[in-house]
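J.: Show me the folded form of this:
(one chain, ligands or ions: 3)
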Amino acid sequence: MNLLSYYTQLFNCRKALYLSLFLLTTCYVSAQDLKLNDLEYFDRQGVNVLVYSNNFNGGFNDEKNSGIEIIHHGVRTVQGGAVRLNNTPEQWDLVPTTTSRKVNRDTQSIEVGLRYNDYDFDSRVMVTAKGKAVEIAVFLDKPVPEALAGKAGFNIEFLPSQYWQKTYVMDGRLNRFPRYAASQTVTRPNSEKPRQFKGFKTYDDRGTNRFVDPLPMETGHEIIVATDAPERMIRISSEDSELQLFDGRMLAQNGWYVLRSVLPTGKTGKVVTWTVEPHAVPGWIREPNIGFSQVGYIPEQPKIAVIELDKQDPVKATASLWRIKTDGTKEKAFEGAVKEWGPYYKYNYVKFDFSSVHEPGVYYIQYGDTKTNDFLIDKSVYNKITDATTDIWIPIHMNHMYVNEGYRTWHGEPFKEGYLQAPPSDHFDLHAQGATTDTKYKPLELIPGLNVGGFFDAGDFDIETGSNINVVQNLVRAWELFKPQRDETFVSEQQRYVDLHRPDGTPDILQFIEHGMLNLVAQAEQIGHMASTLSNSVLDNYHHLGDAASLTDGLHYDPSLKPYEVSADGKRSGTPDDMWAFTTRNPNLDMQAAAVFSSAARALKGYTAPLAQRALKQAERLTAESAQKVNRRRFDIWQMLNRPQEEDWIHGNGFVYAIQAAFDSIPLKDEAYKQKLRPYVIKFEKYIKGFDKDNPYGVPIGLGNWAGVNMVLNFGIAINYAHLYYPDIIGKDEIYRVANWLFGCHPYHNYSFVAAVGAARSKAVFYGNNRADFSFIPGNVAPGLLFRKPDHFENFDDWPFLWGQNEGTIAGNTQYVIFGSAFKNLVNK
Ligand SMILES: [Ca+2]
Ligand SMILES: [Ca+2]
Ligand SMILES: [Ca+2]
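T.: Ligands and ions are numbered 1, 2, ... in the order given. Okay, the predicted model is just below:
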């Protein structure tokens with residue numbers, strides 16, 4: 001008997017049972033049924049159905065993180081359950097606001113009100129537990145507005161990487177989810193396209209005035225997805241509506257498989273009814289996740305694996321460490337007691353301490369039947385942890401350069417046409433230009449000289465000035481503290497050419513500082529002050545995935561030409577793709593830049609004196625012009641350190657920020673200052689230890705929409721400094737906390753969040769600019785563990801497109817260079 005027929009039989013049996021026992025069973029709730037739990041989601045072992053625990057927040061519109069969600073055997077495979085206006089909504093298509101959410105325990109239901117302000121369109125979605133299934137029903141008090149007739153529908157989305165190459169059955173017809181998008185589309189007039197975010201367009205229609213609309217891959221009234229994979233199998237049926245299955249990747253690489261029913265026109269009341277039954281594998285218990293450092297351990301450091309367990313999983317008494325010998329055979333190196341830490345959100349946590357094992361070697365951990373991959377214990381394990389970041393990730397993110405590596409071109413020289421003055425605009429990616437330009441340039445006039453230096457922000461290609469200031473600050477700090485002489489990169493600003501793994505006689509870090517400064521100083525010189533950002537002018541190239549040099553056409557925009565037309569001399573085009581400089585003046589940013597210009601000038605003066613002089617000149621001018629305008633709240637470290645901060649201790653990082661500033665001043669101060677700081681370092685020690693009670697991993701774990709590795713890195717950097725200056729208060733053992741977390745000792749899975757040299761298993765996918773290839777750029781640091789309300793942490797390693805968990809940033813990755821450099825330095829002391 002194959003699984004499908006088993007499942008169908010099971011279903012039929014149950015239906016028959018329900019019919020015959022109908023009167024008797026109306027009040028009967030089986031222990032196996034979905035039930036609303038205390039956290040307000042429908043729950044049974046292996047299946048969680050969340051109903052607007054996470055709302056569409058509108059910031060970036062459809063973030064694939066909201067609505068009705070299914071966490072299926074521990075993986076959030078389904079989301080986006082909502083009334084939507086497109087067959088396959090893209091990130092910038094409109095999302096509904098949640099106007100109400102009512103939980104009714106008596107009827108075992110959750111009802112949400114959804115609204116599209118742009119169309120004055122309200123609907124209600126009611127989810128009710130029905131045995132092992134939920135019923136999802138859409139109610140309308142007023143008919144679908146005419147403008148949305150045939151467009152508004154109830155959608156739910158399936159994560160492609162969890163479903164591709166698995167089978168599905170629609171009304172008995174067999175199919176397989178495609179690995180790559182290759183279904184069919186039609187085009188329709190733009191006038192028929194529902195409005196997108198702020199009226200922007202996600203697509204370049206090449207002058208056709210038509211948009212692409214995917215056609216369904218299948219339609220019917222009953223679908224069973226993943227009939228060949230019990231952990232992913234879901235049966236969905238609807239008697240009153242047609243189900244349509246689409247592939248959202250036809251429009252956007254980050255699209256999901258979409259199942260939808262178009263809402264009927266002219267009707268009110270209950271207009272769409274689905275029965276959704278996620279299969280639960282009988283007796284399923286989530287596999288233990290043994291968290292440990294994929295980079296390994298040095299012999300004398302504490303070595304504690306944190307094991308994440310299903311709450312139904314009885315704790316075993318011991319775990320063991322196995323050594324793989326050089327002849328390939330293995331032997332048990334250690335067996336030790338497992339200690340319970342206790343529950344933290346969804347799971348239960350235990351710890352296995354194998355610190356007593358000092359012998360260098362190759363090891364793996366075994367807990368019950370679960371074995372980890374192997375890792376090293378050796379004094380050298382941390383020596384190379386920053387090399388991929390400095391040799392590969394950072395140079396690849398150098399803007400306005402051609403970047404080569406061996407036979408491969410990472411990108412050509414981007415944005416040769418330069419940057420135009422942004423007109424007043426309310427923009428995307430949180431960018432905006434105020435009512436005036438604050439410059440001598442007219443809207444859309446070319447600002448000369450800005451296409452030099454600078455670093456791509458993150459997975460996108462804009463220059464965030466604040467982040468680039470951080471980059472230079474981080475690199476100058478690394479230079480002044482550690483003077484890293486590493487030279488693995490050829491950088492020619494004159495040739496606008498970077499070659500990886502080709503030494504050129506100059507320490508790379510100086511060249512990176514120079515590169516960051518070339519853009520920042522150009523901003524100050526050409527604009528007169530700092531731009532907030534240099535970014536895309538049009539949404540249809542903002543989501544660019546590919547060679548940065550092909551994001552724009554490299555030709556100056558000339559509005560006298562028709563779109564896509566090129567001038568006779570080949571230098572101008574009518575395509576409005578040129579990047580914009582957002583130039584609203586911000587005196588605080590100017591003052592930050594001035595501070596960085598002064599410190600960068602220190603670092604650069606022996607290397608490139610002319611740039612150092614330009615930087616100093618701009619620092620003085622910006623200070624003179626902006627110092628009076630900034631909010632000059634005196635930054636009093638002692639006051640900050642004295643703040644009562646019971647809350648702050650665990651949930652904020654104000655204390656870490658203040659104590660780091662205090663540590664940074666130590667080299668400039670006397671012994672009395674160091675003594676005065678001592679009580680706060682003692683307080684910091686308590687603060688650090690407080691995290692052992694807060695969570696099983698002993699580091700600050702963020703619960704925001706961006707997983708926030710920055711907070712963890714700040715924490716780690718501060719611990720390093722605290723140990724450096726006050727080793728009698730902050731013991732060496734504390735410095736390993738953050739490294740453990742970054743390199744694999746964390747919830748969900750045990751892969752290193754850093755694509756670091758030395759890690760046995762790093763994350764395989766990141767939200768880098770090569771994410772469409774399901775790949776990564778070596779040295780990237782993922783934000784890490786994303787929290788989904790009310791109790792779920794995740795970090796997808798087969799789906800790169802969720803930036804809150806997978807996108808590394810230039811500011812964060814240079815912060816990692818500081819952390820890693822300080823950490824290596826202390827470890828090897
Ligand atoms: Ca950006
Ligand atoms: Ca070099
Ligand atoms: Ca252009």
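J.: any idea of the pLDDT on the residue nearest to residue 580 when sequence neighbours are not counted?
T.: Leaving out its chain neighbours, the residue that sits closest to residue 580 by Cβ to Cβ, 6 or more residues apart in numbering is residue 422, at 3.8 Å. Quick note: C-beta positions are derived from backbone N, CA and C, even for glycine. With respect to pLDDT, residue 422 scores 97.
J.: Which secondary structure element is home to the closest residue to ligand 3 within the stretch 151-300 of the chain?
T.: In the stretch 151-300 of the chain, no residue comes nearer to ligand 3 than residue 204, which is 12.6 Å away by Cβ to the ion. Using DSSP states H and E, residue 204 is not contained in any helix or strand.
J.: That one: what's its closest spatial neighbour, skipping adjacent residues?
T.: Take residue 204 and drop its neighbours on the chain: the residue closest to it by Cβ to Cβ, 6+ apart is residue 540, 4.4 Å away.
J.: List the buried residues for the helix or strand harbouring residue 612?
T.: Taking DSSP H and E as the criterion, residue 612 maps to helix 609-626. Using 16 or more other Cβ atoms under 10 Å as the test for burial, helix 609-626 gives 611, 612, 614, 615, 616, 618, 619, 621, 622, 623, 625, 626.
J.: I'd like the next helix or strand past the top helix by length along the chain.
T.: Among the segments of the chain that qualify as a helix by DSSP state H, the longest is helix 671-694. Past helix 671-694, further along toward the C-terminus, the next helix or strand under DSSP H and E is helix 709-725.
J.: now that following helix, how far from the chain's geometric center?
T.: Remark: helix 709-725 is offset 22 Å from the chain centroid, using Cα atoms, centre = their mean, to the nearest Å.
J.: Helix 671-694 and that helix, what's the angle between them?
T.: 130 degrees (axes from the mean of the first three to the mean of the last three Cα atoms, to 10 degrees).
J.: rewinding a little: could you report the neighbour count for the residue of the stretch 151-300 of the chain closest to ligand 3?
T.: Per other Cβ atoms under 10 Å, the neighbour tally for residue 204 reads 15.
J.: first to last residue in stretch 694-703, what's the distance?
T.: Start-to-end span of stretch 694-703 (Cα to Cα, to the nearest Å) is 13 Å.
J.: Give me the nearest residue to residue 438, chain neighbours excluded.
T.: What sits nearest to residue 438 in space, not counting adjacent residues and going by Cβ to Cβ, 6+ apart, is residue 585, at 4.1 Å.
J.: Could you report the distance from that neighbour to ligand 2?
T.: The gap separating residue 585 from ligand 2 is 35 Å, by Cβ to the ion, to the nearest Å.
J.: State the distance from that residue to residue 625.
T.: As judged by Cβ to Cβ, to the nearest Å, residue 585 and residue 625 stand 9 Å apart.
J.: any shared contact partners between those two?
T.: Common neighbours of residue 585 and residue 625 (criterion: Cβ atoms under 8 Å, 6 or more residues apart in numbering): residue 529.
J.: Scan the protein for its longest strand.
T.: Determined from DSSP state E, the single longest strand within the chain is strand 330-344.
J.: Tell me who's in contact with residue 767.
T.: Residues near residue 767 by Cβ under 8 Å, 6+ apart: 458, 459, 782, 800, 801, 802, 803, 806, 807, 808.
J.: Contact residues of this structure facing ligand 2?
T.: Counting by Cβ under 5 Å from the ion, the positions of the chain adjacent to ligand 2 are 487, 489, 504, 506, 508.
J.: wait, the first one sits on residue 507?
T.: It refers to residue 487. Yes. Look at residue 487 against residue 507 with Cβ atoms under 8 Å: they come within range, at 5.6 Å.
J.: Can you give me the separation between the residue in the stretch 351-500 of the chain positioned nearest to ligand 1 and ligand 3?
T.: When scored by Cβ to the ion, the stretch 351-500 of the chain has residue 457 as its residue closest to ligand 1, at 3.7 Å. With distances taken as Cβ to the ion, residue 457 is found 20 Å from ligand 3.
J.: Once you drop chain neighbours, what's closest to that residue?
T.: Of all residues not flanking residue 457 in the chain, residue 464 sits nearest, at 4.6 Å (Cβ to Cβ, 6+ apart).
J.: Next one: that neighbour, what pLDDT does it get?
T.: At residue 464, the model reports a pLDDT of 97.
J.: Please apply the same query to residue 427.
T.: Predicted confidence (pLDDT) for residue 427: 88.
J.: so what's it up against?
T.: Residue 427 neighbours (Cβ under 8 Å, 6+ apart): 433, 535, 582.
J.: burial of the residue nearest to residue 580, as a residue count?
T.: As a burial measure, residue 422 scores 29 neighbours (other Cβ under 10 Å).
J.: for the stretch 301-450 of the chain, what spans make up the helices?
T.: 387-388, 394-396 (DSSP state H, counting those that start in this stretch).
J.: Would you point to the one among the ones you listed that's packed deepest?
T.: Across those, averaging neighbours per residue (mean count of other Cβ atoms under 10 Å) puts helix 394-396 on top, at a mean of 26.
J.: mind checking how far it is from the chain centre?
T.: Taking mean C-alpha positions (Cα atoms, centre = their mean), helix 394-396 and its chain are 20 Å apart.
J.: go on, stretch 398-418?
T.: Using Cα atoms, centre = their mean, the offset of stretch 398-418 from its chain centre is 25 Å.
J.: Over to stretch 707-721?
T.: Taking mean C-alpha positions (Cα atoms, centre = their mean), stretch 707-721 and its chain are 17 Å apart.
J.: quick one: contacts of that stretch?
T.: With Cβ under 8 Å, 6+ apart as the test, stretch 707-721 has contacts from 653, 656-657, 659-660, 663-664, 684, 688, 699-700, 702, 730, 734-735, 737-739, 741-742, 753, 781-787, 795, 804-805, 811-812, 815-816, 818-819, 822-823, 826.
J.: So which of the residues you listed sit within helices?
T.: Among the contacts of stretch 707-721, DSSP H puts 656-657, 659-660, 663-664, 684, 688, 737-739, 741-742, 804-805, 811-812, 815-816, 818-819, 822-823, 826 in helices.
J.: For whatever residue of the stretch 251-400 of the chain ends up closest to ligand 2, which residues are in contact?
T.: Residue of the stretch 251-400 of the chain nearest ligand 2, by Cβ to the ion: residue 395 (9.1 Å). Taking Cβ under 8 Å, 6+ apart, we find residue 395 in contact with 403, 489, 491, 498, 500, 508, 512.
J.: how near is the closest residue to the fifth one other than its chain neighbours to residue 498?
T.: Of all residues beyond its chain neighbours, the one nearest residue 500 is residue 405 (3.9 Å), with distances taken as Cβ to Cβ, 6+ apart. Computed as Cβ to Cβ, the residue 405 to residue 498 distance reads 9 Å.
J.: With residue 229 instead?
T.: Separation of residue 229 from residue 498 (Cβ to Cβ): 44 Å.
J.: re earlier: residues in contact with the residue nearest to residue 204?
T.: Per Cβ under 8 Å, 6+ apart, neighbours of residue 540: 201, 202, 203, 204.
J.: likewise residue 623?
T.: Listed by Cβ under 8 Å, 6+ apart, the contact partners of residue 623 are 591, 594.
J.: same question, residue 176
T.: By Cβ under 8 Å, 6+ apart, the contact set of residue 176 is 165, 166, 167, 168.
J.: Spatially, what comes nearest to the second one if we skip its sequence neighbours?
T.: On the basis of Cβ to Cβ, 6+ apart, the spatially nearest residue to residue 166 that is not a chain neighbour turns out to be residue 226, at 4.4 Å.
J.: ok, back up a step: list, out of the contacts of residue 395, those positioned next to ligand 1.
T.: For ligand 1, no contacts are drawn from the contacts of residue 395 by Cβ under 5 Å from the ion.
J.: Which of those fall in helices?
T.: Going by DSSP H, the helices hold 508, 512 from these.
J.: export the contacts of residue 395 to TSV and tack on distance to residue 297 and pLDDT?
T.: TSV is the format used below for the contacts of residue 395 (distance: Cβ to Cβ, whole Å; pLDDT from 0 to 100):
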residue	distance to residue 297	pLDDT
403	35	98
489	30	98
491	35	98
498	35	99
500	30	98
508	29	98
512	31	98
